[in-house]
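1. Fold the following, please.
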Amino acid sequence: MNFKRLITTSFTNQIKNMKFKKTISFKPFDINNRIIYDKEPTIVFKDQKSCLLKDTISTSLEDGSKELKIKMGRFTPGFDSNNHYISSDIIEININNYSNKIDLYLNGKNPTFLRRKGELPTKVKNWEQLLGEQLEIRKSVTLEDGDIISFLGLNGTTSSIQFTIEEDKEMEMVDNDNSNTKSIPPPPITSTSASTSTTSTSTTSTSLIDRNKIQLKKHFEDPNSKNVGLSALVYFSNKPESFPDVVLYYDDKTVAVLDKYPKAKHHYLIIPRVEINTLDELTPSFIPILEHMYNVADAIINEIISKDNNNNNNLKKSDFKLGFHAIPSMKRLHLHIISNDYNTKYLKNNKHWNSFTTEFYVPFDKILNELKSNGQVKIDQVKYNSILSQIKKCPICKEENKNLENLKDHYTKCLEKFKSK
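-> Alright, predicted model coming up:
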């Protein structure tokens, strides 16, 4: 096999600092007869050598490390191209430079199975026992040396590949010769309280955002004069430079804007500059973007606190909440930054109140953790829509109050007592 044909783009510049020291390859495998075909292996990844398959994406993570995403399927050299039950990108391999892990995700609906090395049974009653664990769509599994991936075809026929993961001895020698290379810092650790706080991120995260580019602005006195609609966030994302009165910050990944109808003194939105509209559309490939959105939000909060506290307002990070609406009301998924005072003229009804003071407002870290653990985010539409019509409650003492203005006054007093403790 001519490996030069596998190299579609040179990724040398993007991956030259990777410390990942493994070579990943695979060969066709006859799982029924336990035979590895005597063929030259297809190299999926070899550190520093750029032996990458088509559709490979190189991503810089916020901790300074790299992640490679490699899509594989029926037309990948070494796969059974005659098995039409295998899609062109049925699996995706993610290599994370920091964690030194190789994660495999199933993209297609075709039944796909994982059999760990050394677990092949000598006698089986059916193909389920032979093929091993059936993989779930979008849920990650850690790929290990000797793992066998099998794809079920027509009439119980299978095609399989076996992975080999080896330490790259050549790279170990290179690494030893460069032992003074600066190590990669750990990724930022995020934690958010579901009640009233956003907790800390390591200083590494916010230092990656140029706070000099953040332009804080006052909310509109007359938002109706601004011609924006349900697609406004898409416009802001596509051409942020065209909306200087709305945009606080933008870079190649995100745009931060004023909320047109703020439900608190401070209310801003972080919009990803990629096409995604709902939480259940998230896949693991969005994790770096979500983490960057958090870093931008954290930098903006730091800037707000710095400016406000110069006026003796004594704002703290615990006065802000970062989260998503379970069911977004506008096109393009967006992260809310909102202070916890909830007392503006635009907070007018049950839906407004419940969308920020109940579990309809999903904390950022809950979404990120679920995506990392399960490979997807599940949203119960019936459950969350019913929450919006519930009787309004004070989020601190849980007292019900049908009159919104009275509830806002009650909550303001309750919040003052809570902060004074």
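2. confidence score at the closest residue to residue 139 other than its chain neighbours?
-> Once flanking residues are discounted, residue 139 sits nearest to residue 375: 4.1 Å by C-beta to C-beta, 6 or more residues apart in numbering. To be clear about C-beta, it is placed using only N, CA and C from the backbone, and glycine gets the same treatment. pLDDT recorded at residue 375 is 91.
3. Surely residue 375 is in contact with residue 284?
-> Yes - look at residue 375 against residue 284 with C-beta atoms under 8 Å: they come within range, at 5.5 Å.
4. what do the two both touch?
-> 105, 138, 140 (C-beta atoms under 8 Å, 6 or more residues apart in numbering).
5. Who wins on neighbours among those?
-> residue 105 (23 neighbours; other C-beta atoms under 10 Å).
6. Assumed it was part of a strand.
-> Yes - assessed by DSSP: H, G, I helix; E, B strand; the rest coil, residue 105 belongs to a strand.
7. Direction included, what does the helix or strand where residue 151 lies pair against?
-> Using DSSP states H and E, the element containing residue 151 is strand 148-152. Its sheet considered, strand 148-152 pairs with strand 112-115 (antiparallel), strand 158-167 (antiparallel) by DSSP bridges.
8. In stretch 306-314, which residues are buried?
-> residue 308 (16 or more other C-beta atoms under 10 Å).
9. Ends of that stretch, what's the gap?
-> Taking C-alpha to C-alpha, to the nearest Å, the span from the opening residue of stretch 306-314 to its closing residue is 9 Å.
10. repeat for stretch 263-270
-> Stretch 263-270: ends 16 Å apart by C-alpha to C-alpha.
11. neighbouring contacts of that stretch?
-> 219, 233, 248, 254-259, 293, 296-297, 300, 304, 320, 334-344, 346-347, 352, 356.
12. related to what we said a few turns ago, okay, now the residue nearest to residue 139: neighbour count?
-> The local packing of residue 375 (other C-beta under 10 Å) involves 19 other residues.
13. With residue 284 instead?
-> Neighbour number of residue 284 under other C-beta under 10 Å is 20.
14. Torsion angles phi and psi at it?
-> Per-residue torsions, residue 284: phi -60, psi -20 (degrees, to the nearest 10).
15. and it, how far is that from residue 374?
-> Counting by C-beta to C-beta, to the nearest Å, the gap from residue 284 to residue 374 is 10 Å.
16. and if you look at residue 109?
-> Residue 109 is 17 Å from residue 374, where distance means C-beta to C-beta.
17. for residue 215, same thing?
-> Counting by C-beta to C-beta, the gap from residue 215 to residue 374 is 37 Å.
18. ok, which stretches of the stretch 301-421 of the chain are helices?
-> For the stretch 301-421 of the chain, applying DSSP state H, counting those that start in this stretch gives helices covering 350-357, 364-374, 381-388, 404-420.
19. Of those helices, which stretch is the most buried?
-> helix 350-357 (a mean of 19; mean count of other C-beta atoms under 10 Å).
20. so residue 216 touches residue 248, yeah?
-> Yes - proximity of residue 216 to residue 248 meets the contact threshold set by C-beta under 8 Å, at 6.3 Å.
21. A helix includes residue 25, no?
-> No - the assignment for residue 25 by three-state DSSP gives strand, which leaves it out of any helix.
22. Run through the bridge partners of it.
-> residue 43, residue 164.
23. Pop out the phi and psi values for the residue nearest to residue 139.
-> phi 80, psi 0.
24. Quick check: the spatially most central residue of the chain vs residue 94, distance?
-> Nearest to the mean C-alpha position of the chain, counting by C-alpha atoms, centre = their mean, stands residue 287 at 2.0 Å. Distance, residue 287 to residue 94, using C-beta to C-beta: 9 Å.
25. Residue 407 against residue 401, yeah?
-> Yes - assessed by C-beta under 8 Å, residue 407 is found in contact with residue 401 at 4.0 Å.
26. Show me whatever sits in contact with both of these two.
-> With C-beta under 8 Å, 6+ apart, residue 407 and residue 401 have common neighbours 392, 394.
27. So which of the contacts of stretch 263-270 belong to strands?
-> Judged by DSSP state E, the contacts of stretch 263-270 include 248, 254, 255, 256, 257, 258, 320, 335, 336, 337, 338, 339 as members of strands.
28. more crowded one of residue 216 and residue 248?
-> residue 248 (22 against 15).
29. Enumerate every residue touching that one.
-> Counted by C-beta under 8 Å, 6+ apart, residue 248 has contacts 214, 215, 216, 217, 256, 257, 258, 268, 300.
30. ditto for residue 112
-> Residue 112 neighbours (C-beta under 8 Å, 6+ apart): 90, 91, 106, 134, 135, 149, 150, 151, 152.
31. Just send these back as JSON lines, with distance to residue 276, neighbour count and pLDDT too.
-> Shown next, in JSON lines, are these (distance: C-beta to C-beta, whole Å; neighbours: other C-beta atoms under 10 Å; pLDDT from 0 to 100):
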{"residue": "90", "distance to residue 276": "22", "neighbour count": "23", "pLDDT": "89"}
{"residue": "91", "distance to residue 276": "22", "neighbour count": "23", "pLDDT": "90"}
{"residue": "106", "distance to residue 276": "20", "neighbour count": "23", "pLDDT": "90"}
{"residue": "134", "distance to residue 276": "28", "neighbour count": "13", "pLDDT": "90"}
{"residue": "135", "distance to residue 276": "24", "neighbour count": "19", "pLDDT": "91"}
{"residue": "149", "distance to residue 276": "28", "neighbour count": "26", "pLDDT": "91"}
{"residue": "150", "distance to residue 276": "32", "neighbour count": "24", "pLDDT": "89"}
{"residue": "151", "distance to residue 276": "28", "neighbour count": "25", "pLDDT": "88"}
{"residue": "152", "distance to residue 276": "31", "neighbour count": "20", "pLDDT": "82"}
